[in-house]
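Novice: below is the sequence, then the predicted model.
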Amino acid sequence: MKIRQILLLLVALLVVQASWGQEKVFSVKVHSTEALGDFKMYINPLHPEAGRKAKTLEEAAPGVYTAVVPLSANSFYSIVGVKNSAQIFSTLYLPLEVYMPVDSDTLHFELDVDGYYVGSNETADNRALGAYRRAVANCSRTIWQVEASDEARLRSMLDGLVLVADSIIENGGCSEPVKEYIRLWSYTAIYNNMYSVVRNARREGHDLSFDAFDVTGDVGSSFDCDIAAVFPETTVLICDALRGEPTMAAKIEQLYTVYKNSTIRTRVAEAIIESFLKTYNYSADFEGGLNQLTAVVEKYGIDKKYIADYESRRATIKGTPFPAGVQLRDAGGNVVDFSTFKGKYVYIDMWASWCAPCRREIPHLKKLEAELQNGNVVFVSLSIDRDENAWKNSIVEHDLHGYQLIDSENKLGSALNVRGIPFFVIYDKDGCLYMHDAPRPSSGTPLKEMLEGLR
């Protein structure tokens, strides 16, 4: 690289670093082939630190919209137009040196709205991004309509996303950042569209002979960059690429071998650990899983909150006593100690008045209670309602009897790592966990026979 090029690159980097975190006025002139009506627009800087709230572009004059927007570190922005209740998405590349005049503090750009397309034709970069947006949209609209058995056509459509990207990159006169963005976009678009293909194949009972990675090839090193982190699919795509590794530790070791970008490493490692926490069989080998997780966290400097999260799931192990500190109360506000049920098996229904699936289980639960011929089993309906009046009204509405208790802080649910309700657990005669995630009342005869057999 020539000295002049190096100096220009350093200057550009300094400009980005100096600008990052600042807010500037963005002014956009909208050209439309038809009346905009109640057209609304939102803009959001694309950057690895996801979570910024999109800014509303307010109409300052006919066809001119403005907003104060945080500058993107990479000059990419997401534009969302809302027209006739439909959302129109676009990605723009708006570097300051192109769109902000030297004597101005406002970033100016223009947009074309044509039907359900929004984009900019001001630069080769944005024309290229608009062209690829159309290609992705066309594929997504039609690929789900193709029969799963027509694999040649499906493969051709997905290959087409790569071919169009290659053509735009080679002939579109794009800058290097936009070329990199379009290349990554092609991989994520293929990965997304494979969901439609797989869903159709399952519905048709067809086993596909290829997957997304057969189309994209090995894309690992391509995602080892900051811009990859702006794509929502990146984390799950990389996790899927690591699916061949047998253990959580092996996946993360491979991740750190292939990827050097700290943002990618952190996001994917955390996703792998979260999957491990959700699927690990704690009852089988609690200490072994804890040792495995601790070793990974310490080796790679991962947040130790995951160790605490793991340890908090000890209550899910069969034989673990009912969690201390969980306060159960009846409709009269009286505290009911769980030791009240000692000597009985306790089938607990965790529910809430606002939960539709919970309400659908109520008739099945009442039927089960009425028909069960085993005095060793008691039923406890435990609400997690924060609104106690709503809970009490629901008790009357559904004519509920027996042990109707409330845990408005959901302490039992937290201790048992309950991710959704309705959820059912069984405790034994000694107050220890007998079954985590027990069958629902609507499962019918198998649950009834199991409860009848508890002695």
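Specialist: Cool, got the structure.

Novice: show me where the protein has its strands.
Specialist: 23-32, 40-45, 55-61, 64-70, 76-83, 86-93, 106-114, 117-119, 329-330, 345-351, 377-383, 403-406, 423-427, 433-435 (DSSP state E).

Novice: out of those strands, which comes closest to residue 176?
Specialist: With C-beta to C-beta as the criterion, residue 176 lies closest to strand 86-93 of these, at 11.1 Å. To be clear about C-beta, it is placed using only N, CA and C from the backbone, and glycine gets the same treatment.

Novice: in the closest one, which residues are buried?
Specialist: Using 16 or more other C-beta atoms under 10 Å as the test for burial, strand 86-93 gives 88, 90, 91, 92, 93.

Novice: poorly predicted segments of this protein, please.
Specialist: For the chain, the stretches with pLDDT under 70 are 1-21, 49-52.

Novice: show me the domain layout of it.
Specialist: 19-120, 135-211, 242-317, 329-452 (automatic domain parsing).

Novice: want to throw the ones you listed into JSON lines with distance to residue 233?
Specialist: Below are the domains of the chain laid out as JSON lines (distance: least, C-beta to C-beta, whole Å):
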{"stretch": "domain 19-120", "distance to residue 233": "12"}
{"stretch": "domain 135-211", "distance to residue 233": "4"}
{"stretch": "domain 242-317", "distance to residue 233": "12"}
{"stretch": "domain 329-452", "distance to residue 233": "23"}
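
Novice: residue 329 reaches residue 406, doesn't it?
Specialist: Yes: proximity of residue 329 to residue 406 meets the contact threshold set by C-beta atoms under 8 Å, at 5.5 Å.

Novice: okay, which residue is most central for the chain?
Specialist: residue 232 (8.2 Å; C-alpha atoms, centre = their mean).

Novice: against residue 192, how distant is that residue?
Specialist: Per C-beta to C-beta, to the nearest Å, residue 232 is found 10 Å from residue 192.

Novice: return the set of buried residues in stretch 63-83.
Specialist: 63, 65-67, 69-81, 83.

Novice: dump it to CSV, restricted to CA.
Specialist: Taking Å, rounded to 0.1, in the frame of the first residue of the first chain, the C-alpha atoms of stretch 63-83 are listed here in CSV:
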residue,chain,number,x,y,z
GLY,A,63,-41.2,15.7,1.4
VAL,A,64,-38.4,16.6,3.9
TYR,A,65,-37.9,14.6,7.0
THR,A,66,-35.4,15.2,9.8
ALA,A,67,-34.1,13.6,13.1
VAL,A,68,-31.2,13.9,15.5
VAL,A,69,-29.4,10.6,15.0
PRO,A,70,-26.4,9.0,16.7
LEU,A,71,-23.6,8.5,14.1
SER,A,72,-22.8,4.9,13.1
ALA,A,73,-19.2,3.8,13.6
ASN,A,74,-19.3,2.1,10.2
SER,A,75,-21.6,4.5,8.3
PHE,A,76,-24.3,2.0,7.8
TYR,A,77,-27.9,2.8,8.7
SER,A,78,-31.2,1.0,8.7
ILE,A,79,-34.2,2.8,7.2
VAL,A,80,-37.7,1.6,7.9
GLY,A,81,-40.7,3.1,6.1
VAL,A,82,-44.2,2.4,7.2
LYS,A,83,-46.8,2.8,4.3
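
Novice: so how far is it off the chain centroid?
Specialist: Put simply, stretch 63-83 sits 23 Å off its chain's centre (C-alpha atoms, centre = their mean, to the nearest Å).

Novice: what's the answer for stretch 88-99, then?
Specialist: The answer for stretch 88-99 is 26 Å, by C-alpha atoms, centre = their mean.

Novice: same list, the strands of the chain, but as TSV with distance to residue 363 please.
Specialist: Putting these into TSV (distance: least, C-beta to C-beta, whole Å) gives the following:
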stretch	distance to residue 363
strand 23-32	55
strand 40-45	45
strand 55-61	47
strand 64-70	52
strand 76-83	42
strand 86-93	40
strand 106-114	52
strand 117-119	50
strand 329-330	23
strand 345-351	13
strand 377-383	13
strand 403-406	16
strand 423-427	15
strand 433-435	22
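
Novice: between the ones you listed, which one is nearest to residue 213?
Specialist: strand 86-93 (24.2 Å).

Novice: in the sheet, which strands lie alongside the closest one, parallel or antiparallel?
Specialist: Paired neighbours of strand 86-93 in the sheet (DSSP bridges): strand 76-83 (antiparallel).

Novice: between strand 64-70 and the strand it pairs with, find me the angle.
Specialist: 140 degrees (axes from the mean of the first three to the mean of the last three C-alpha atoms, to 10 degrees).

Novice: outside of strand 76-83, which residues touch it?
Specialist: 36-37, 39-47, 54, 69, 87-94, 111, 113, 116, 118, 177, 181, 227, 230 (C-beta atoms under 8 Å, 6 or more residues apart in numbering).
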